[in-house]
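Trainee: Below is the sequence, then the predicted model.
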Amino acid sequence: MASSNPQFRAFLSRTLAPRLWPAREACGGAEALSLLEGGGWCTLLLDRSLPDLDVNDVVQIVHQRYPHIHVSVVDSPAAADLFPAASARDSNPVVGAYPFGAASQDAALPSCCTDDSPAEDERSAPLPEMIGASEPMRLTYRLVRLVAPRDTPVLVSGETGTGKELVARGVHALSRRSRSPFVVLSCAAIPEALLESELFGYSRGAFTGAFQSRPGRIQAAHGGTLLLDEIGELPLAMQPKLLRFLQEGELQPLGNNAVCRVDVRVIAATNADLATRVREGRFREDLFYRLMVFPIEVVALRKRGEDVAALADHFLAAFCRGGEPCHKELSRAARVLLERYSWPGNVRELRHVVERACILSDGKPEVRPEHVKFHSASAAL
């Protein structure tokens with residue numbers, strides 16, 4: 001159940017949970033979505049007035065991600081009218097519900113929430129530098145626009161090459177921090193011995209070779225956004241230090257006893273299954289839940305094949321502007337070939353294949369199948 005009203009949550013716990021099944025409370029829509037990520041849920045009860053997200057948006061997200069979950073929406077101020085008094089233990093409480101397993105996406109709100117569900121509009125339009133009109137991408141655009149105005153931590157997950165950094169940049173660009181720095185740190189690209197100083201900075205004399213003080217990536221992102229890429233590769237010894245910063249907003253550079261406060265929004269990205277790493281003892285559970293307040297999954301390209309042609313056209317046009325002497329188009333046969341391929345390298349691989357095809361077409365106005373060369377052994381025939 002998700003509501004910002006603690007009395008309402010307690011009321012529901014007393015009247016509903018003991019009769020039905022074990023329940024968990026969430027103080028908002030983002031926390032409710034985070035709990036659903038853990039699996040094992042069959043019903044979600046939402047307060048009409050959520051403190052962070054629009055209830056209709058949460059309903060749509062649950063419908064897309066968890067079609068088996070039964071969603072009910074109520075108005076917490078009207079709880080006394082919707083439910084029997086606490087002393088009337090034998091009555092059956094009734095609320096309006098969204099049985100999404102069988103209902104359409106356009107189902108009307110229950111009688112206690114008579115506002116019409118908003119139509120899919122510009123919130124599902126593509127983000128800057130992102131291409132694709134498939135349903136998974138439209139959901140991604142919508143989630144980015146929902147969370148961007150807030151400072152809620154975001155965890156972007158997806159396979160390598162799907163465009164996780166573009167999603168993070170989209171969150172930053174649409175946020176109040178857009179005029180401040182967007183700083184990226186790859187947790188896998190920096191040796192463990194240097195990672196702490198790179199992240200938190202250091203003072204002069206902190207170690208051999210530290211001839212002058214240097215701010216870390218967190219301080220460099222002050223006022224803006226820090227993207228921690230490949231967060232699943234963060235060494236276990238570093239995780240409690242990052243967790244403390246996330247909780248307190250404070251950091252202590254190496255070799256300095258002074259603690260400084262930094263205003264940074266943190267977005268993490270991963271191609272690893274963090275839940276599995278938690279079970280294996282390779283990732284702290286408290287850090288996992290601190291990072292995944294608002295998860296966004298970037299779906300693999302093979303699961304949104306209708307976006308392949310649009311992406312290929314975009315890349316081809318960009319390469320032509322970058323130096324090719326003439327306008328180029330993909331032949332129909334080349335399009336079919338691209339759409340049939342499984343794209344294990346995702347959008348990054350598609351970009352490379354199109355660039356190579358553009359070169360192999362050697363000034364010709366059309367890219368044909370013989371110009372399309374795949375990088376893996378699983379190429380379509």
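Mentor: Alright, I've got the coordinates.
Trainee: CA only for contacts and neighbour counts going forward, please
Mentor: Noted.
Trainee: which residues in the protein form strands?
Mentor: Remark: strands assigned in the chain by DSSP state E are 43-47, 70-74, 96-99, 154-157, 182-186, 201-202, 214-215, 225-229, 250-251, 260-261, 265-270, 294-297, 329-330, 366-367.
Trainee: between the ones you listed, which gets the lowest average pLDDT?
Mentor: Least confidently modelled of the strands of the chain is strand 96-99, at a mean of 38 by mean pLDDT.
Trainee: What is the least confident helix or strand in this protein?
Mentor: strand 96-99 (a mean of 38; mean pLDDT, DSSP states H and E).
Trainee: Stretch 366-373: which residues count as buried?
Mentor: Using 16 or more other Cα atoms under 10 Å as the test for burial, stretch 366-373 gives 366-369, 371-372.
Trainee: Closest one of those residues to L243?
Mentor: The closest of those to L243 turns out to be V372 (Cα to Cα; 46.4 Å).
Trainee: hang on, the earlier thing: between the strands of the chain, which one is closest to R282.
Mentor: Nearest to R282 among those is strand 265-270; the distance by Cα to Cα comes to 14.1 Å.
Trainee: Check which helices and strands that closest one sits against.
Mentor: strand 154-157, helix 164-173, strand 225-229 (3 or more Cα pairs under 8 Å, 6 or more residues apart in numbering; DSSP states H and E).
Trainee: show me where the stretch 51-200 of the chain has helices.
Mentor: Along the stretch 51-200 of the chain, the segments classed as helices by DSSP state H, counting those that start in this stretch run 55-65, 79-82, 135-147, 164-173, 192-200.
Trainee: where in this protein is pLDDT low?
Mentor: 1-5, 7-22, 37-38, 76-122, 203-213, 255-256, 322-326, 376-381 (pLDDT under 70).
Trainee: In terms of residue numbering, what are the domains of it?
Mentor: 6-119, 123-297, 301-371 (automatic domain parsing).
Trainee: Without its sequence neighbours, what residue ends up closest to the most centrally placed residue in the chain?
Mentor: The centroid of the chain falls nearest to I296 when counting by Cα atoms, centre = their mean (1.9 Å). Setting aside the residues directly before and after it, I296 is nearest to V156 in space (Cα to Cα, 6 or more residues apart in numbering), at 4.8 Å.
Trainee: quick one, what contacts the one you found?
Mentor: 164, 167-168, 267-270, 295-298 (Cα atoms under 8 Å, 6 or more residues apart in numbering).
Trainee: Which member of those is positioned nearest S34?
Mentor: For the contacts of V156, the nearest to S34 is P295 (7.0 Å; Cα to Cα).
Trainee: Now for that closest one, how many residues are close by?
Mentor: By other Cα atoms under 10 Å, 20 other residues sit near P295.
Trainee: Surely it and G158 touch.
Mentor: No. P295 is beyond contact range of G158, at 10.7 Å (criterion: Cα atoms under 8 Å).
Trainee: quick one, what contacts the closest residue to E349 other than its chain neighbours?
Mentor: The shortest distance from E349 to any non-neighbouring residue, by Cα to Cα, 6+ apart, is to W343 (6.8 Å). By Cα under 8 Å, 6+ apart, the residues touching W343 are 301-302, 349-350.
Trainee: JSON lines for those residues, including distance to A30?
Mentor: Formatted as JSON lines, these follow (distance: Cα to Cα, whole Å):
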{"residue": "L301", "distance to A30": "26"}
{"residue": "R302", "distance to A30": "28"}
{"residue": "E349", "distance to A30": "33"}
{"residue": "L350", "distance to A30": "33"}
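Trainee: Could you count how many residues lie near the closest residue to A32 other than its chain neighbours?
Mentor: Spatially, and ignoring its direct neighbours in sequence, A32 is nearest to A26 (5.4 Å; Cα to Cα, 6+ apart). Look at A26: counted by other Cα under 10 Å, it has 19 neighbours.
Trainee: Just grab the bridge partners of A26 for me.
Mentor: Beta-bridge pairing for A26 (DSSP bridges): A2.
Trainee: just S186 next, same as before
Mentor: In beta-bridge terms (that is, DSSP bridges), S186 pairs with D229.
Trainee: what's the burial count for it?
Mentor: Neighbour tally, S186, other Cα under 10 Å: 16.
Trainee: try N56
Mentor: Counted with other Cα under 10 Å, N56 comes out at 17.
Trainee: how far away is it from L174?
Mentor: Using Cα to Cα, to the nearest Å, N56 is found at 21 Å from L174.
Trainee: same thing with V59?
Mentor: The value you get for V59 to L174, if Cα to Cα is used, is 23 Å.
Trainee: again, but for L338
Mentor: L338 is 32 Å from L174, by Cα to Cα.
Trainee: For D362, which of the helices and strands packed on strand 265-270 is the nearest?
Mentor: In terms of Cα to Cα, the element of those nearest to D362 is helix 164-173, at 30.7 Å.
Trainee: what's the neighbour count on the residue lying closest to I61 once chain neighbours are set aside?
Mentor: Nearest residue to I61, sequence neighbours excluded (Cα to Cα, 6+ apart): L139, at 7.6 Å. Per other Cα under 10 Å, the neighbour tally for L139 reads 22.
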